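> 3D model of this:
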Amino acid sequence: MVLTVTMNPAIDISYSLPRLSLDTVNRAAEVTKTPGGKGLNVTRVLAELGEDVMATGLIGGKTGLYLQEKLSDAAIHHHFFPIRGETRNCIAILHKGQQTEILEKGPKITPAEAESFLSHFERLIRPFEVIAISGSLPDGLASDYYAELIRLADAYQKKIILDCSGDPLLEVLKNSAKPFVIKPNLEELSQLTGESAAADNQSLKALLSQPMFEGISWVIVSLGAEGAFAKHNETFYRVRIPEIKVANPVGSGDSTVAGIASSLLHGLSDTELLKKANVLGMLNAQEKMTGHVNLADYEKLFKQVHVEEV
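Residues are numbered from 1 along each chain as shown. Next up is the predicted model:
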């Protein structure tokens, strides 16, 4: 089973406009409202794969109730921790092939809520083999909060996938309890190491060999259209992907995380894990809806992904 953690979830509202005009009325041709946040995108893709998955995190207010109703309607299991603040909305305006986003900050978490979620999390994690923690921390949570979650999960020997950036990731890397997988992109890798990260094999091998990554079994670096570069223990891999027609790239990283989680759950080989993860990322990019995959082309794309040990 997989547990996904979304500390700052949202209702993702998408408005489709023929054009966006400022300082006047715009009428949306289409509107969609879906449970959002990186962890919930992971959840949705895992559910589409048929995996046994549950979502947790912090939820509050009428927006939070609506989010939980939408998950229940989709037959997705969830066990959130209630807070006094209101879960946020995030708005995407789609116009002429462009996407303009308006993201609410979200609620401020109280010290009591932060402490209570740790207890909720520790009680919840025991039956789960894989835990995927994704996205930003809401206001009120310290930058080492993910490190604390990982410390709790590590005591039960859980395989943890962490997909975050900035100070929360740096705090985790300084901690003795490590996630099993991290998934930075090239820009995030540069921020972590303080060095310019180039996409060539030798540069990436040198960066991922730095002491800060010791104790992490998998470091998978997303390279966008160029595929990925990965380190599993002491082995390095280059992943090359075919060219595809992109409809909406948002959520592709989350779909990749879903593929990693599913692969760990089923004990797939390194090559199979890297192929599955990248295929799901590509399938998401081909869809307008964030955190959604159409598995009809899965096998075709799987055969076109090449994984080479370097």
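
> Quick check, pLDDT for the residue nearest the centre of the chain.
Nearest to the mean C-alpha position of the chain, counting by Cα atoms, centre = their mean, stands Asp254 at 3.6 Å. We note a pLDDT of 95 for Asp254 in this prediction.

> which element is the closest residue to it other than its chain neighbours on?
Nearest in space to Asp254, with sequence neighbours left out and distances taken as Cβ to Cβ, 6 or more residues apart in numbering, is Asn41 at 3.6 Å. C-beta coordinates here come from the backbone N, C-alpha and C atoms, glycine included. Following DSSP states H and E, the helix or strand that holds Asn41 is helix 38-48.

> next helix or strand past that helix?
Read in the C-terminal direction, the helix or strand following helix 38-48 is strand 53-59, with elements assigned using DSSP H and E.

> tell me which residues of that following strand are tucked away?
Residues of strand 53-59 classed as buried under the neighbour-count rule (16 or more other Cβ atoms under 10 Å) are 53-59.

> just stretch 33-48 next, same as before
Under the neighbour-count criterion of 16+ other Cβ under 10 Å, stretch 33-48 has 34-48 buried.

> Please apply the same query to stretch 213-225.
If you call a residue buried by 16+ other Cβ under 10 Å, then stretch 213-225 has these buried ones: 213, 216, 218-223.

> And the residues you listed, which two are furthest apart?
Put simply, by Cβ to Cβ the two of the buried residues of stretch 213-225 set farthest apart are Ile216 and Leu223, 18.6 Å from each other.

> Roughly how far does Met212 sit from Asp167?
As defined by Cβ to Cβ, to the nearest Å, Met212 lies at a distance of 14 Å from Asp167.

> swap that for Leu192, please
Spatial separation of Leu192 from Asp167 under the definition Cβ to Cβ is 11 Å.

> From what I see, Gly215 and Lys178 are in contact.
Yes. The criterion here is Cβ atoms under 8 Å, and Gly215 meets it with Lys178 at 4.1 Å.

> before we move on, the earlier item: need the max-distance pair from the buried residues of strand 53-59.
Pairwise distances across the buried residues of strand 53-59 peak at 18.2 Å for Val53 and Leu58 (criterion: Cβ to Cβ).

> so where do the helices sit in the stretch 1-150 of the chain?
Per DSSP state H, counting those that start in this stretch, the stretch 1-150 of the chain carries helices over the ranges 38-48, 61-73, 111-124, 145-154.

> Out of these, which gets nearest to Arg84?
Of those, the one closest to Arg84 (Cβ to Cβ) turns out to be helix 111-124, at 7.4 Å.

> Show residues contacting the closest one.
Residues outside helix 111-124 that contact it (Cβ atoms under 8 Å, 6 or more residues apart in numbering) are 3, 5, 54, 56, 58, 79, 81, 83-84, 140-142, 145, 148-149, 152-153.

> Return a ChimeraX selection command for the buried portion of the residues you listed.
Buried members of the contacts of helix 111-124, defined by 16+ other Cβ under 10 Å, are picked up in ChimeraX with:
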select :3,5,54,56,58,81,83,140,141,145,148,149,152,153
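
> I'd assumed Lys288 was in a helix, is it?
No. Following the definition DSSP: H, G, I helix; E, B strand; the rest coil, Lys288 is coil and is not counted among the residues of a helix.

> which one of the buried residues of stretch 33-48 is nearest Gln68?
Using Cβ to Cβ, Pro35 is the member of those that sits closest to Gln68, with 8.2 Å.

> Name all residues that make contact with the residue lying closest to Arg151 once chain neighbours are set aside.
Nearest residue to Arg151, sequence neighbours excluded (Cβ to Cβ, 6+ apart): Ala177, at 4.3 Å. Applying Cβ under 8 Å, 6+ apart to Ala177 gives the contacts 147, 150-151, 153-155.

> can you do 10 Å?
With contacts taken as Cβ atoms under 10 Å, 6 or more residues apart in numbering, Ala177 has the following neighbours: 147-155, 160, 215.

> can you check Met289 too?
By Cβ under 10 Å, 6+ apart, Met289 lies in contact with 12, 14, 32, 34, 41, 44, 247-248, 250-251.

> Give the buried residues for stretch 81-98.
Of the residues in stretch 81-98, 81, 83, 85, 87-90, 92-94 count as buried by neighbour count, 16+ other Cβ under 10 Å.

> Minimum pLDDT in those residues, which residue is that?
Lowest pLDDT of those: Leu94, 85.

> If that one is in a bridge, with which residues?
Beta bridges link Leu94 to Ser16, Gln99 when assigned by DSSP bridges.

> Roughly how far does it sit from Asp254?
Going from Leu94 to Asp254 by Cβ to Cβ gives 19 Å.
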